[in-house]
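Chemist: dropping a prediction and its sequence here:
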Amino acid sequence: MGRLAVISDLHADINSFDEELALLRNYLLEEQVDHVHFAGDLANHVSQALTIVDFFTEKIPTTFHWGNHEMADIHQPEDFENFNYPAFLNFKTKDLSEDTLLLAFNGWYDYSFAPQLETKEIQRKKQIYWYDRWINRRKTDRQITDDVCQRLTQALKAIPSHKKIFVSTHFVPQSAFIVHFSNEYARWNQLNAFLGSQQIGDALAEFPNVKQVIFGHTHHRFDQKKIASAYYHCRPIGYYYEWDLTYQFTQEKNPSQARKVARRNWQEFSDYKKQNILTEFKKSVVLLDY
């Protein structure tokens with residue numbers, strides 16, 4: 001019997017995490033977590049992401065894969081998929097017990113969640129996302145997703161059918177986790193093109209021994225959903241101005257302008273964050289027993 005913790009979208013630099021990381025690690029120790037996996041977007045820079053992984057490894061075995069934010073800091077093409085670091089899992093497995101293992105991979109997107117956009121429109125909108133301007137994959141997004149699905153299927157086929165598989169990825173693999181906006185908010189549907197790929201979800205659904213799938217990237221937390229034979233979990237930590245605690249902090253000031261209010265009252269907000277961040281972590285960390 002053991003316990004896995006999966007954490008996505010920590011964004012330690014944007015969220016100005018320092019001693020908060022020790023609070024998170026201590027919480028995981030109190031929850032008797034045997035293995036920690038970070039599902040991408042630990043930080044904007046690879047060096048900081050590795051420092052965080054090493055910090056957690058001091059107390060708990062820890063692995064990770066990339067999200068789009070770390071990818072923006074990668075300069076060697078081979079490091080996207082085959083980064084040379086012991087804790088890096090991409091299409092690799094980690095045995096959790098005799099009958100359960102963790103399979104992790106970065107993932108990608110292919111516009112399947114926004115098919116109404118024409119290709120030229122997608123490419124134009126793509127330029128507004130800072131991370132995509134600097135991620136040079138040397139292939140089209142659909143080619144990358146096709147490669148991901150091929151490697152995923154090969155990896156899943158190589159696992160004995162009696163083994164239970166927990167899967168971690170960064171990008172969204174199921175349309176059930178896509179929010180569709182209307183009226184004056186409809187323009188935000190353009191973001192859906194870059195969130196993930198239904199093709200990846202369809203590949204996972206072909207394997208009944210995939211029991212748990214954890215991902216992030218959306219910065220929107222959802223209730224657990226069962227699709228095919230697997231339970232899907234999406235509870236990213238996200239940016240500080242998206243948190244419940246930030247809404248509570250700004251409630252008497254101006255909750256509709258949470259980011260501006262937090263910045264204008266940064267010291268007060270920082271103190272409030274330190275006092276309440278553990279509650280936010282508890283809402284975000286996915287704990288799975290095996």
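Modeler: Ah, there it is. Residues are numbered from 1 along each chain as shown.
Chemist: report the contact partners of Ala49.
Modeler: 38, 42-43, 64, 70 (Cβ atoms under 8 Å, 6 or more residues apart in numbering). Every C-beta, even on glycine, is put in place using the N, C-alpha and C of the backbone.
Chemist: secondary structure element for it?
Modeler: According to DSSP states H and E, Ala49 maps onto helix 46-57.
Chemist: so which bits of stretch 164-177 are buried?
Modeler: By neighbour count on 16 or more other Cβ atoms under 10 Å, the buried set for stretch 164-177 is 165-175, 177.
Chemist: pull up the gap between Leu4 and Ala262, please.
Modeler: Separation of Leu4 from Ala262 (Cβ to Cβ, to the nearest Å): 32 Å.
Chemist: report the central residue of the protein.
Modeler: Gly216 (3.1 Å; Cα atoms, centre = their mean).
Chemist: touching, that one and His11? I think so.
Modeler: No - between Gly216 and His11 there is no contact under Cβ atoms under 8 Å: 10.1 Å.
Chemist: so what's in contact with these two at the same time?
Modeler: Residues touching both Gly216 and His11 (Cβ under 8 Å, 6+ apart): 41, 237.
Chemist: what residues sit buried inside the next helix or strand after the helix holding Ala49?
Modeler: Using DSSP H and E, the helix or strand that follows helix 46-57 towards the C-terminus is strand 62-65. Neighbour counts over strand 62-65 (16+ other Cβ under 10 Å) mark 62-65 as buried.
Chemist: tell me how far strand 62-65 is from the chain's mean position?
Modeler: 12 Å (Cα atoms, centre = their mean, to the nearest Å).
Chemist: so what's the residue nearest to the centre of the chain closest to, chain neighbours aside?
Modeler: Nearest residue to Gly216, sequence neighbours excluded (Cβ to Cβ, 6 or more residues apart in numbering): Ser8, at 2.7 Å.
Chemist: measure the one you found to Gln251 for me?
Modeler: Taken as Cβ to Cβ, the span from Ser8 to Gln251 is 27 Å.
Chemist: also Ala12?
Modeler: 26 Å.
Chemist: neighbour count winner among those two?
Modeler: More neighbours surround Ala12 than the other of Ala12 and Gln251, with 22 against 11 (other Cβ atoms under 10 Å).
Chemist: my read is the more buried one is in a strand, agree?
Modeler: No - assigned with DSSP: H, G, I helix; E, B strand; the rest coil, Ala12 falls outside any strand and is coil.
Chemist: pLDDT value on it, please?
Modeler: Note for Ala12: predicted pLDDT of 98.
Chemist: wait, it sits on Ile52?
Modeler: Yes - counting by Cβ under 8 Å, Ala12 touches Ile52, with 5.9 Å between them.
Chemist: re earlier: reformat the buried residues of stretch 164-177 as a markdown table; add distance to Asp271.
Modeler: Formatted as a markdown table, the buried residues of stretch 164-177 follow (distance: Cβ to Cβ, whole Å):
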| residue | distance to Asp271 |
| --- | --- |
| Ile165 | 43 |
| Phe166 | 37 |
| Val167 | 38 |
| Ser168 | 33 |
| Thr169 | 36 |
| His170 | 32 |
| Phe171 | 35 |
| Val172 | 34 |
| Pro173 | 38 |
| Gln174 | 39 |
| Ser175 | 41 |
| Phe177 | 34 |
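Chemist: alright, I will stop here.
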